[in-house]
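Asker: got a sequence here, can you model it:
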Amino acid sequence: MASIFNSLHIGYSGLNAAQVGVDVTSHNIANVGTEGYTRQRVATHASNPVSLVQGVSGNGVQITEIASVFDKFVFDRYVSSGQDKANSDFKKNVLEELSTYFPDIDGVGIKADLNKYFDLWQSFADNPDNEAMKIALAQQTQTLSQTLSQTRDKITTLQDTVDAQMVTYVNEVNSMAEEITQLNVAINQVESISEDNANDLRDKRNLLEQSIAKLIGGDSFVSGVQSNTPVDTNIAVDSENYTLQVAGFNIIDGSSFHPIGVTDATNARGFHDLYYERQDHLKIPFEQNIKGGKIGAILELRGSEINSLTSEPEDGTLQDTINMLDAFGAGLIENTNNIYAQSATNQMRSNYVDFDNSIALLNTEKNFQEGSFGIIVYDIDGNEVATRSINIDTATSMGDSSLNEGDAGFDATSIVGQIKLNADDNGDGSAINDIDDFINPIFVNPTNVDSNNGSLSFSLKSGLEAQGYTFAIVDSQSDTTNFAGVMGMSRFFDGSSAKDIELNRSLASDTSKISAAKIPVSGDNQVASQMVDLQFQDMNFYNNDKTYTDSIYGFYDSIATTVGTTTNAEIIRNDTITAHFNAVSLEYDSISAVSIDEELTNLIRYQTAYGAASKIITTIDQMMQTLLGLKQ
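Answerer: Model prediction:
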């Protein structure tokens, strides 16, 4: 027959199982608010029975394991949706910030200043000799220039900010990845030696994996996934050989950690590159492959491909907006200056250029166009005394201003050569009243190939300024060369883009020099009238290799509209992603999250079991007392 001590053991096993159940339930309740915690369950089975003469007798209960209720497949979907949401949340916030830089719907901003700018040109055209109009136009020009450049500066600051955030996030990823490798070692030690489940350690690893995914995306891989149906039908846990891969590179391989490198050493602008360093110390750039998480959002916004020559991104929403603003600014500057060059003056000096006198103008990166422009000389009464058409074709260069017609190497097709050429512009047979008799062209080459200090100047020959002669550049209406606008000859705007646009410093310091006239006579307003018409004309805007033809308002509207529609599209996308994340989160929580109601039910169940097991112990104790009493 079975021993009474066996009965005592059965009671003790029940008592122990109930006690462990209370401990696990208490642990669950205590961690109800702990992020990443996965509820745990006690798995039990009947102990091996005792064989008796009368048959097989039960031998109590045995605790098999304490397991986390965790589904790897649902968790992977949860992590994936979490990284999508983090990516979209970041983009949405940055794009909403970007949208505030274009507050045109509120009647302020670049477009509003542009309207006031052209309105003042109209007022100036109506009062071409009014000094107060000149002051007002100068002030509004400065306001427009500042608004445009400040808007660009805000975007570049935003771009720099997200770049700095990327460095912080990469450091966080590296720190968490290194911590995961340490957890992998600890998990292997626990599970390989004692064959217990390292539930809390796995929870910490899962939380870190989820956090890394929100920052940079990534996929985890294991050698296998095992179910545990006896404990819970929802359990499907990874077994061993944990690997975490980002953009195709393993940053975690079991207990080995491969950090993501970040550097700005090769970028003059201060932008950071990401790289993966192999065991042979070869650094492989891989930011173009990162699409997930906040870092993926940063690279999509800032730009993932950095031009080694300009140190600027070649892509990215923020960089595209900067480029379009620069194209807008350049179009405004060049077309305005092209018109303002028609205002007669006694000397012209270009902006600095970086090409020499032998380079064909159409082969430079400037916006020269094939065609012709005219140089006109006026006398003191505003009468045309000489005019000459200057052609630009595929072979036209600036030319060597040290050479004259008849000198070896003189190029009569160059800009300088066409001006110096001895020709009878007026057809009157006179050799002293043509363009070459009035204008002295000088082109100074840049000091070296990397310098941006070359320049072109036109001036009246000696003694002519004192006689009241002036000259102007008039572009052809049918085949505009954009020569004066590109070179900045007798310019109204200084600068070359939204970055550095401003009113010509000479005009800003002395607004009386601002002219509405084409012909140097009182009351003429032809230049001011053309400035007013400019707002309604289609013009070319150049952005990298793309050319846009639109009005000044139309092109700006396209920039603001693109920002607005991009932001709105991300808001809608964010709503969709958030709804999906919430659905997956509910599914994940229904499996792994702690339910207070369920745990309290379990607590009562284990409490009852503990009391029942205690009753067994009490009963056996009384039986033993009876047995001992027989001896007396």
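
Asker: how about Ser51, nearest residue that isn't a chain neighbour?
Answerer: Ranked by CB to CB, 6 or more residues apart in numbering and with sequence neighbours excluded, the top spatial neighbour of Ser51 is Ser57, at 7.8 Å. Using the backbone N, CA and C atoms, a C-beta is placed for each residue, glycine as well.

Asker: just give me the neighbour total for the one you found.
Answerer: If you count neighbours by other CB atoms under 10 Å, Ser57 ends up with 14.

Asker: how does the protein divide into domains?
Answerer: 1-68+594-632, 344-489 (automatic domain parsing).

Asker: most tightly surrounded among those?
Answerer: domain 344-489 (a mean of 17; mean count of other CB atoms under 10 Å).

Asker: distance from the chain centre to that domain, please.
Answerer: 43 Å (CA atoms, centre = their mean, to the nearest Å).

Asker: and the longest helix for the protein?
Answerer: Longest helix in the chain by number of residues (criterion: DSSP state H): helix 131-193.

Asker: now that one: average pLDDT?
Answerer: Across helix 131-193, pLDDT averages out at 94.

Asker: following that helix, which helix or strand shows up next?
Answerer: helix 199-216 (DSSP states H and E).

Asker: for that following helix, name the packing helices and strands.
Answerer: strand 61-68, helix 72-99, helix 131-193, strand 243-246, helix 293-302 (3 or more CB pairs under 8 Å, 6 or more residues apart in numbering; DSSP states H and E).

Asker: I'd like the next helix or strand past that helix.
Answerer: strand 219-221.

Asker: report the buried residues of that next one.
Answerer: 219-220 (16 or more other CB atoms under 10 Å).

Asker: for the closest residue in space to Ile415 that isn't next to it in sequence, give me its contacts.
Answerer: Sequence neighbours aside, Met398 is the residue nearest to Ile415 in space, at 5.2 Å (criterion: CB to CB, 6+ apart). By CB atoms under 8 Å, 6 or more residues apart in numbering, Met398 lies in contact with 355-357, 359, 361, 414-416, 443, 456.

Asker: looking at Met398 now. What's its pLDDT?
Answerer: On the pLDDT scale, Met398 gets 95.

Asker: re earlier: test my guess that the residue nearest to Ser51 contacts Val50.
Answerer: Yes - the criterion here is CB atoms under 8 Å, and Ser57 meets it with Val50 at 4.8 Å.

Asker: picking up where we left off before, and the angle for the longest helix of the chain with helix 72-99?
Answerer: 170 degrees (axes from the mean of the first three to the mean of the last three CA atoms, to 10 degrees).

Asker: rewinding a little: tell me who's in contact with the residue nearest to Ser51.
Answerer: So Ser57 contacts 2, 6, 49-51 (CB under 8 Å, 6+ apart).

Asker: what does it show for phi and psi?
Answerer: With angles defined as degrees, to the nearest 10, Ser57 sits at phi -110, psi 140.

Asker: helix or strand for Gln625, which one?
Answerer: Here Gln625 is assigned to helix 596-631, by DSSP H and E.

Asker: which residue sits closest to Gly454, ignoring its sequence neighbours?
Answerer: Per CB to CB, 6+ apart, closest to Gly454 is Pro446, 4.0 Å.

Asker: look at Ala386 and give its secondary structure.
Answerer: strand (DSSP: H, G, I helix; E, B strand; the rest coil).

Asker: could you verify my assumption that it touches Val377?
Answerer: Yes - shown here, Ala386 and Val377 form a contact pair, counting by CB under 8 Å, at 4.2 Å.

Asker: Ile306 against Gly270, yeah?
Answerer: No - look at Ile306 against Gly270 with CB under 8 Å: they stay out of range, at 10.9 Å.

Asker: neighbour count for these two, which is higher?
Answerer: Ile306 (24 against 10).

Asker: now do the contacts for that one.
Answerer: 267, 271, 273, 312-314.

Asker: if you rank those residues by neighbours, which is first?
Answerer: Neighbour max across these (other CB under 10 Å) = Pro313, 23 neighbours.

Asker: how about the nearest residue to that one, chain neighbours excluded?
Answerer: Nearest one to Pro313, counting by CB to CB, 6+ apart, is Gly303 at 2.3 Å.

Asker: ok, that neighbour - how many residues close by?
Answerer: Gly303 has 23 neighbours, counted by other CB under 10 Å.

Asker: and stretch 540-553, what's buried?
Answerer: 540-543, 548, 550, 552.

Asker: which of the contacts of Ser57 sits closest to Arg491?
Answerer: Pro49 (102.1 Å; CB to CB).

Asker: so that closest one makes contact with Val56?
Answerer: Yes - judged on CB under 8 Å, Pro49 makes contact with Val56 at a distance of 4.5 Å.

Asker: which sections of this protein are below the confidence cut-off?
Answerer: 1-2, 53, 55, 194-195, 223-240, 449-451, 478, 631-632 (pLDDT under 70).

Asker: make it 50
Answerer: In the predicted model of the chain, residues 225-229, 231-237 satisfy pLDDT under 50.

Asker: what's near enough to touch the closest residue to Leu403 other than its chain neighbours?
Answerer: Spatial nearest neighbour of Leu403, excluding adjacent residues (CB to CB, 6+ apart): Phe410 at 4.5 Å. Counting by CB under 8 Å, 6+ apart, Phe410 touches 400, 403-404, 417, 420.
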